[in-house]
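Engineer: got a predicted model here, sequence first, then my questions.
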Amino acid sequence: MIATPSRLAVFLMFVSSIGFFPRLAYAQTDSYHILLTNDDGVESSGLQALAEELRTVGQVHVVAPCGERSGSSMSVALRDELHLRPVLRDGDSLGHCVDTTPAGAVLLAMTVLSPDGGFDLVISGINRGANVGTASHMSGTVGAAMMGALHDLPSIAVSLGARGPDYDYPARFVAMFVEELKRRPAMPGIVFSINIPGATEADIAGVTLAKMGGIHLDIDYEELEDGGDDRRFRPRIALATDFPEGSDTEAFMQGRITITPLRFDWTAYDVLDQLRGWGLNHEVAH
């Protein structure tokens, strides 16, 4: 956990302590452009609830996969023809969808739908299911945000642990975070991974600014009855019980909202320094 909390963290801890989360009245900002996507599909309740709330903060441009594309990380379609189309529900626009991955949707939107001056922020979510710890590397939600970071945009990945239909509180929390982010110098290339364990304010024990670590699910496979050469398996998923101290996974499992800043660079710098001492060159011994 960061030793000196930001003004945002102090404020969030305060409103949690008094049991009150106000609906803040943000000024409309037409010049602040937010690209919103997810990996659950353009019609998902989490995305649409977040889109509605973010319109109090800036101009929202929704471009998301047409259907669920969970677990796709940062994969993109390199050989497929992409079809971008508007999506309507009861005559109201839900944004645009494209038959590709979340990261691919972000890449396409930045290429063909970018407003004058470009997007100011990429947000992916609200995802159904947490993306704390090392699970982030597999997440389509985090992968879409990373595509924004790859193009030097500040980005946010938002995931909700609860799977209920109520996204009001998480959406308002994110809108408040974005409003705070707008007040500060731009942080290009940073992904803020926000994981919210419960759907209501009463479910939340507080806010922790934490490092990535651990995983909240244990995943393995069990083999089904013998099918000969064609062996069959199904995934077996259970909640993990052991988490690194001070990690986002630990805090999340304690019922706390976690905020973890991530970078695109995965380099293990300590190992890189060791490799320099190996004396490697291009010559192969015969």
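Structural biologist: Structure's in. What do you need? Numbering: from 1, shown residues only.
Engineer: look up how far Gly213 lies from Thr111.
Structural biologist: According to CB to CB, to the nearest Å, Thr111 and Gly213 sit 35 Å apart. The way it works is simple: take the backbone N, C-alpha and C, and place the C-beta from them, glycine included.
Engineer: which of the two has more neighbours?
Structural biologist: A direct count of neighbours by other CB atoms under 10 Å for Thr111 and Gly213 places Gly213 higher, at 18 against 9.
Engineer: count the residues that sit near the closest residue to the more buried one other than its chain neighbours.
Structural biologist: Distances taken as CB to CB, 6 or more residues apart in numbering place Ser247 nearest to Gly213, at 2.9 Å, with adjacent residues excluded. Residues within reach of Ser247, counting by other CB under 10 Å, total 24.
Engineer: separation between Ser247 and Ser45?
Structural biologist: 29 Å.
Engineer: one more: Ala210?
Structural biologist: 27 Å.
Engineer: which SS class is Val87?
Structural biologist: Three-state call for Val87 (DSSP: H, G, I helix; E, B strand; the rest coil): strand.
Engineer: and the nearest residue to it once chain neighbours are set aside, what are its phi and psi?
Structural biologist: Using CB to CB, 6+ apart and skipping residues adjacent in sequence, the residue nearest Val87 is Leu94, 4.4 Å away. Dihedral pair for Leu94: phi -100, psi 0, per degrees, to the nearest 10.
Engineer: can I assume Leu94 is in contact with Val62?
Structural biologist: Yes: taking CB atoms under 8 Å as the definition, Leu94 is a contact partner of Val62 at 6.6 Å.
Engineer: overlap in contacts of the two?
Structural biologist: Residues touching both Leu94 and Val62 by CB atoms under 8 Å, 6 or more residues apart in numbering: Val42.
Engineer: ok, the residue nearest to Val87 - how many residues close by?
Structural biologist: With other CB under 10 Å as criterion, Leu94 counts 18.
Engineer: cool, the one 4 residues further on as well?
Structural biologist: Close neighbours of Val98, defined as other CB under 10 Å, add up to 22.
Engineer: I am finished for the moment; much appreciated.
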